[in-house]
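*Asks:* structure of the sequence below:
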Amino acid sequence: MDTLTDRNWTGEVEKQTPASFVPSRNLSTPLREIASLIQSNPFEPHPLFQNGHAQTVIAALRLPRYAEWQAGGGVWESRLVEAEPGVQLLLKCRWQHDRRSTPTLVLVHGLEGSSESLYVRGVALKALRAGFNVVRMNQRTCGGTEHLAPTLYHSGLTSDIRAVFRHLVERERMPRIFLIGTSMSGNMILRLAGDDGDAPPPELAGVCAISPSLDLDACARHIERRENRVYQWSFMRSLRSRMRRKHRLHPDRYDIRQLRHVRTIRQFDERFTAPHGGYRDAADYYERASSRSVIGRIRVPSLVVHAEDDPIVPPEAFRDRAFYDNPSVLLVLTPRGGHTAFIARARVGEDGFWAENRVVDFCRIISNQPSACG
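*Replies:* Predicted coordinates for the structure are as follows:
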């Protein structure tokens, strides 16, 4: 792994392709330890899945992971948390024996995912085995919970994640909590941490974002490319189905007469997300909900992992100098890895889901520090 130096930066990272790299200027002590660990164990794509499309598609398949989850999934406590009047969120929780002395990972899914998404399950199982409490959060209306909220979920609803965080602090008295987000929710937890700026809650130990959609407008453009149309088709099929279910529950709230003509994520956000989320239009939503502008304000230990060949989230936003100048943020940008995939060969003591293992390493190292602020 190459480490970036000042020579690599001129406002943005020069377009080069090292094996993988991390910004290194003035990193806080725990992040330096994590960077060193990742440098000694860089991501190397599985020889059978070398490009971003192969990585992304294989990671989404259930068969390679079903047996593992069945063997170690266990029984999860279901819990409802009120995010706002009339809106409840479904959590799936597993606790260690002495839960209040153990750090807690809150795992949040991406667009059209749920607490059952494979990448959520993968991190959850690894974290449980490493001795953490785990809370798998369903965003509003997700995971079969359309009946628990009349409204839609979207990338600007960091308040829902805050509601879950506050519940764990106030009800469970959890002293150290990590927020882990993937894709859409990765953008959300970075936005949340950036909005907190110099005054993060003391219980927030750190945040981790895998393949985060930092720039929503750029993501909407990127997925419209011809080579990425299968991903757009998959998302839109799921989103249209969701809107039909919401219409059956709330026919006066959602007008779906033109739904079949909504064929792109941008069109969906213009027609449904923005007006129902309190935004002027899709452009306003993308600008206000994206986390790219607040990366420089993050003050909690943060790990961001992204692949340059991600077919859904383009890499340009990750070349922003804010990643290099902020000692609280460790960026790992790899040439390959796809979207929320990072499939490598299995190693002794570690399966082939490289990014999931690095998330647990991050939480373990931060937890061993005397202070969450490092």
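*Asks:* could you pull out the strands for this protein?
*Replies:* 2-3, 21-22, 77-84, 87-94, 104-108, 133-137, 177-182, 204-210, 302-307, 329-334 (DSSP state E).
*Asks:* export those strands as a markdown table, with columns for distance to Leu157, mean neighbour count and mean pLDDT.
*Replies:* All C-beta spots, glycine's among them, are computed from the backbone N, C-alpha and C. Converted to a markdown table, the strands of the chain look like this (distance: least, CB to CB, whole Å; neighbours: other CB atoms under 10 Å; pLDDT from 0 to 100):
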| stretch | distance to Leu157 | mean neighbour count | mean pLDDT |
| --- | --- | --- | --- |
| strand 2-3 | 36 | 14 | 30 |
| strand 21-22 | 30 | 25 | 60 |
| strand 77-84 | 8 | 14 | 97 |
| strand 87-94 | 10 | 20 | 98 |
| strand 104-108 | 11 | 26 | 98 |
| strand 133-137 | 12 | 26 | 98 |
| strand 177-182 | 12 | 28 | 98 |
| strand 204-210 | 16 | 27 | 98 |
| strand 302-307 | 20 | 27 | 97 |
| strand 329-334 | 23 | 25 | 96 |
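*Asks:* can you convert those into a markdown table and add a column each for distance to Arg260?
*Replies:* As requested, the strands of the chain are arranged in a markdown table below (distance: least, CB to CB, whole Å):
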| stretch | distance to Arg260 |
| --- | --- |
| strand 2-3 | 49 |
| strand 21-22 | 45 |
| strand 77-84 | 31 |
| strand 87-94 | 28 |
| strand 104-108 | 30 |
| strand 133-137 | 32 |
| strand 177-182 | 30 |
| strand 204-210 | 33 |
| strand 302-307 | 34 |
| strand 329-334 | 39 |
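*Asks:* quick one: closest of these to Cys363.
*Replies:* In terms of CB to CB, the element of those nearest to Cys363 is strand 177-182, at 5.0 Å.
*Asks:* elements contacting that closest one?
*Replies:* strand 104-108, helix 118-129, helix 158-170, helix 184-196, strand 204-210, helix 354-367 (3 or more CB pairs under 8 Å, 6 or more residues apart in numbering; DSSP states H and E).
*Asks:* hey, C-alpha coordinates of it in CSV?
*Replies:* Backbone C-alpha positions of strand 177-182 (Å, rounded to 0.1, in the frame of the first residue of the first chain) are rendered in CSV as follows:
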residue,chain,number,x,y,z
ILE,A,177,-21.4,3.5,20.4
PHE,A,178,-20.1,3.1,16.9
LEU,A,179,-22.2,4.0,13.8
ILE,A,180,-21.6,1.9,10.8
GLY,A,181,-23.1,2.8,7.5
THR,A,182,-23.0,1.3,4.0
